[in-house]
Each structure stands twice: as structure tokens, then as C-alpha cells.
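>>> Got a sequence here, can you build the structure:
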Amino acid sequence: MDPKITIDRKVTTLVNTLTVEPSNQQALLELLRENTKTVISTLDGWISTSFLVAKDLSRVVIYSQWRDLAAIQAMQASPDMRACFPRIAALATIDSLVADVAFTHHS
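Purely as a prediction, here's the structure:
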């Protein structure tokens, strides 16, 4: 499935906003890319992950699509994912939101 923003109750969205010192942003992105390729994308219920980078380099937003809330909770409890959390926390603070898309408008 290609990543796309649509109103679809078969998809649950996880949005993580990571606040990072600009000098650590590249290291954070490398860690997130590697973790997405080797851990996240192997987990049941994962659909897609996209990164958005603030122009001032102070934040990274992770937009991740999952089958449902249970898949997100299983990812968060995964030993491989839990092993990565301290490495992420050493570079950034994180704020998370689990959501359903309520509106979208495309050209």
C-alpha cells in the first residue's frame, strides 16, 4: 500500500513529533531510518512511515500508518523497538498522537 492520507477506518495513524538540537538532527534521522528499515517495517500491521523535517532542523515528524491501535501497541512493546527508545531519547524529546484521519482535501 502506498502511503497516502485518506479517511479510512482500516488505517490508524501514529504521529510522533521529535524535538532535536539542529546539530543532532542528521544523527536522529539516520537512527530513525535504520530502525524503520530493520524493525518497524518487519512488524505485523505496519503500512508505511514518512519523515518530515522542519526547515529550521529543530523537529522531525514521523507520520506512520498502521492497521489498528493494537498493531501500534505491539510495536511499542516489541523488544527490538524498546531497545531503540533510549537511543532516540538521547537525541530528542518525543510527543505522540494516535489518530484517525477526519478530513483531507486533494487537488
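
>>> Met81 and Val39: what is the separation?
As defined by C-beta to C-beta, to the nearest Å, Met81 lies at a distance of 6 Å from Val39. To be clear about C-beta, it is placed using only N, CA and C from the backbone, and glycine gets the same treatment.

>>> Ok, Phe85 next?
When C-beta to C-beta is the yardstick, Phe85 and Val39 sit 11 Å from each other.

>>> who has more neighbours, those two?
It is Val39, of Phe85 and Val39, that has more neighbours when counted by other C-beta atoms under 10 Å, with 17 against 12.

>>> For the more buried one, list the residues it contacts.
The neighbours of Val39, taking C-beta atoms under 8 Å, 6 or more residues apart in numbering as the test, are Ser78, Asp80, Met81, Cys84.

>>> residues in contact with the last one?
When you say that, I think you mean Cys84. If you count contacts by C-beta under 8 Å, 6+ apart, Cys84 has them with Leu31, Asn35, Val39.

>>> Name the helix or strand for it, please.
Secondary structure here is read from DSSP states H and E; on that basis Cys84 sits in helix 79-89.

>>> Centre of the chain to that helix, how far?
In this view, helix 79-89 has its centroid 13 Å away from the chain centroid, taken as C-alpha atoms, centre = their mean, to the nearest Å.

>>> CA-only coordinates of it, as CSV, when you get a sec.
Extracted in CSV, the C-alpha atoms of helix 79-89 (Å, rounded to 0.1, in the frame of the first residue of the first chain):
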residue,chain,number,x,y,z
PRO,A,79,11.8,-5.8,22.5
ASP,A,80,13.6,-4.6,19.3
MET,A,81,11.7,-1.3,19.4
ARG,A,82,12.1,-0.8,23.2
ALA,A,83,15.9,-1.3,22.7
CYS,A,84,15.9,1.7,20.3
PHE,A,85,13.9,4.1,22.6
PRO,A,86,16.9,5.1,24.8
ARG,A,87,19.0,5.9,21.6
ILE,A,88,16.2,8.1,20.3
ALA,A,89,15.7,9.7,23.7
